[in-house]
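Novice: Task: produce atomic coordinates for the following.
(chains A and B)
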Amino acid sequence: MSQAADTVDQPNITVTATAQTDSATPKTKAKARGVSVFYGAKQALFGVDLDVMAHQVTALIGPSGCGKTTFLRCFNRMNDIVEGCHVEGSIVVDGVDIYSKQQDVVQLRARIGMVFQKPNPFPKSIYENIAYGPRIHGLAGSKGELDDIVAHSLERAGLLEEVHDRLDTPGTGLSGGQQQRLCIARAIAVQPEIILMDEPCSALDPIATAKVEELMDELRENFTIMIVTHSMQQAARVSQQTAFFHLGNLVEFNETGQLFTNPRDERTQAYITGRIG
Amino acid sequence: MTDLIENTRADSPMLQKRYRAERRFRAYGIVAILIAIAFLGVMLISIFGLGYTAFQQTEVKLDIYFDPDVIDPSGERDPTTLSTANYQSLARNALRSHFPEVTGRREKRELHGLLSRGASNELREMVQEDPAIIGSTQTLWLPASDDLDLLIKGQIDTALPETQRQISDQQIAWGLALQADGLVERNFNHRFLTNGDSREPELAGIWGAMVGSFLALFVCFILSFPIGVMAAIYLEEFAPTNRLTDLIEVNINNLAAVPSIVFGLLGLAIFLNFMDLPRSAPLVGGMVLALMTLPTIIIAARAALKAVPPSIREAALGVGASPMQTVFHHVLPLGLPGMLTGAIIGMAQALGETAPLLMIGMVAFIVDIPQGIFDPATALPVQIFIWADSPERAFLAKTAAGIMVLLGFLIIMNLSAVLLRRRFTRRW
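Specialist: Now for the predicted structure:
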């Protein structure tokens, strides 16, 4: 692995150690080991090792086609639905390998939620959008409980104030930024442990982006967040850990401040200064 | 060499040539459309021009004396006696009372020929419904025979020599005399819309064929829609892509193009000869039509599922819905309008289909209105085929009217497909 060669003197343990400066007692939420992804005969990821810290935002950056989204989608096995895609290596979440035979994919996706690049609310009411997840997982015992979950999720996503009087209107009628926050509310309504965000702001204007970023920082209290982003500024603003991918390899993984101010790999240096990518 | 500036000037030869080419192309398009409209116009005018007369029926006004001596001499009102009595003579007597000079046997027969044989059926039904009218005299409009009907509608060339037409000079004279007295009138032909088929054109109706078509389509829909939708869902959402599914897909597309008579032969061999299902029954007709419609529905349903954006599937899977929940809670509701549209168009195709029905015996002469899917029946297009084949001149108008009814149903079905699509298509 090129990454191993480049950072011989900086093994993952060191990275983990630097991360501890941010929060009092962070613990590893998920461990990826030797994750390789193939689309048919084409290999898209080459043996990625990465530790995700609980209650932190981990940003994945890199030029287009570098495999960062592919890697993100490994965590809730969204790649399973892609024709001809297969994953090697292991991802261990809370001590359990999610790629083991015993792991139920549907339950996994309830534990690890996802927010997509383009806002994709269901063509149903705002209420139904959020109530759907809790309902299929039996999280609410009564209508009242469900109402509470919906209100609480919207509140957490910072959307309640804007939509509380029109919960029965279609979710698709909201603005782009509101739709994306609705999708975030939908994801947190299932009370996942990890939220995966795949370029959540790429379709949003700066104001909506700022709102979502603010939201991420608040959500970090209760959830572990992984975000794929094209914007290095965004990664620098919202994340505590940043991983830089290039051509399917994890080039560098470090505390965000470290990675941007003092990159160890020259490819990282080249990317953050705008020479590649 | 001319430069670009030169070529973009409004009067440059190149630009003029392009404008001419565009005008020419538009003219071709307009001509093509006009030709198509002209053909359609000719077809509709010829059908409607003839067909509308079938919605009217010449009737003769007669004072019928329900003679107790003829209907029920014993006075017991026994249902069998009431149903077998000679009602024909009641109507004939009433008609003869207008022409007391007619006495000879041949003349009488000719005079009776002005009145439909169906007149007696109507009198019988009245008596059976209410036996109390026996002994009274009622003024009734009874159906005229097809010959008198054609005469009144002006469809008989009276200038022809007598031997070359169905109606004799004598009958024409009587008919015109009745008309002069106001005893003959063209009324709305309710019989056409409520009767089954008949050998007498003036009594033949489309209702039997309509019920037959409805029953067959009902069976067809019940079979083909669920099977087609399920097949489409499996192929589109769950089936792995491999040689087998490719083969299935090619075959489905092929089946959609197979001539319908082949499905008829299949139905004959399997449903009738092997499974021993009743001949001429809407059940078998519906099953054969379902075979024919299935590929259409599967293709339409798959297209509808394909049109559902993948982001909706991802969203559902992302919150932890199982693949089945994803399909049934999200994808299917979004695809359903498209599926229904496809199904309705498939049904409209099935409604107009004749060939497979000929093979399984739905081409019989059936007078009774079918009461269920096991009764012998015909269907609308087959009825049109039968009438078109009949020698009586009056069936010509019936044929055209049958086509009008069929066209009406096709328009209704296709319109509802369009409305359904408009009404339920959701934006996302």
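
Novice: Could you check the pLDDT of the residue of the stretch 101-250 of chain A found nearest chain B?
Specialist: Ranked by Cβ to the nearest Cβ, the top residue of the stretch 101-250 of chain A for proximity to chain B is A:Ala110, at 3.3 Å. Backbone N, C-alpha and C define where each C-beta goes, glycine included. A:Ala110 carries a pLDDT value of 90.

Novice: That one is in contact with B:Leu317, isn't it?
Specialist: No - with contact defined as Cβ atoms under 8 Å, A:Ala110 does not count as touching B:Leu317 (10.7 Å).

Novice: returning to what we had before: so which strand or helix has the residue of the stretch 101-250 of chain A closest to chain B?
Specialist: A:Ala110 is located in helix A:105-111, with elements delineated by DSSP states H and E.

Novice: Please apply the same query to B:Glu314.
Specialist: Assigned by DSSP H and E, B:Glu314 falls in helix B:310-318.

Novice: go on, B:Gln57?
Specialist: strand B:56-65.

Novice: now do B:Ala348
Specialist: helix B:332-351.

Novice: which secondary structure elements does whichever helix or strand comes after that helix contact?
Specialist: Per DSSP H and E, helix B:332-351 leads on to helix B:355-359 as the next helix or strand towards the C-terminus. Using 3 or more Cβ pairs under 8 Å, 6 or more residues apart in numbering or on different chains; DSSP states H and E as the contact test, the elements touching helix B:355-359 are helix B:260-267, helix B:282-306, helix B:380-389.

Novice: looking at these, which is buried most?
Specialist: Highest mean neighbour count of the helices and strands packed on helix B:355-359: helix B:282-306, a mean of 25 (counted as mean count of other Cβ atoms under 10 Å in any protein chain shown).

Novice: What is that helix packed up against?
Specialist: In terms of contacts (3+ Cβ pairs under 8 Å, 6+ apart), helix B:282-306 is packed against helix B:207-233, helix B:243-255, helix B:260-267, helix B:332-351, helix B:355-359.

Novice: can I get those in a markdown table with distance to B:Gly75 and mean pLDDT?
Specialist: Below are these laid out as a markdown table (distance: least, Cβ to Cβ, whole Å; pLDDT from 0 to 100):
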| stretch | distance to B:Gly75 | mean pLDDT |
| --- | --- | --- |
| helix B:207-233 | 36 | 94 |
| helix B:243-255 | 66 | 92 |
| helix B:260-267 | 54 | 92 |
| helix B:332-351 | 51 | 91 |
| helix B:355-359 | 49 | 90 |
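
Novice: can you tell me which of the ones you listed comes nearest to A:Thr169?
Specialist: Judged by Cβ to Cβ, the one of those that comes nearest to A:Thr169 is helix B:332-351, at 18.0 Å.

Novice: The closest one relative to helix B:310-318, how many degrees between them?
Specialist: 130 degrees (axes from the mean of the first three to the mean of the last three Cα atoms, to 10 degrees).

Novice: would you list every one of the strands in the stretch 1-150 of chain A?
Specialist: All strands of the stretch 1-150 of chain A, identified by DSSP state E, counting those that start in this stretch, fall at A:28-39, A:42-53, A:57-61, A:85-93, A:96-97, A:112-115.

Novice: quick one: contacts of the last one?
Specialist: What that stands for is strand A:112-115. Strand A:112-115 is contacted from outside by A:73, A:75-76, A:78, A:93, A:180, A:183-184, A:187-188, A:190, A:192-198, A:200, B:314, B:318-320, using Cβ atoms under 8 Å, 6 or more residues apart in numbering or on different chains.

Novice: Off-centre distance for it?
Specialist: Chain-centre distance of strand A:112-115: 7 Å, with Cα atoms, centre = their mean, to the nearest Å.

Novice: same deal with the fifth one?
Specialist: Averaging C-alpha coordinates over strand A:96-97 and over its chain gives two centres that are 18 Å apart (Cα atoms, centre = their mean).

Novice: for that strand, packing partners?
Specialist: Strand A:96-97 sits against no helix or strand, with contacts defined as 3+ Cβ pairs under 8 Å, 6+ apart.
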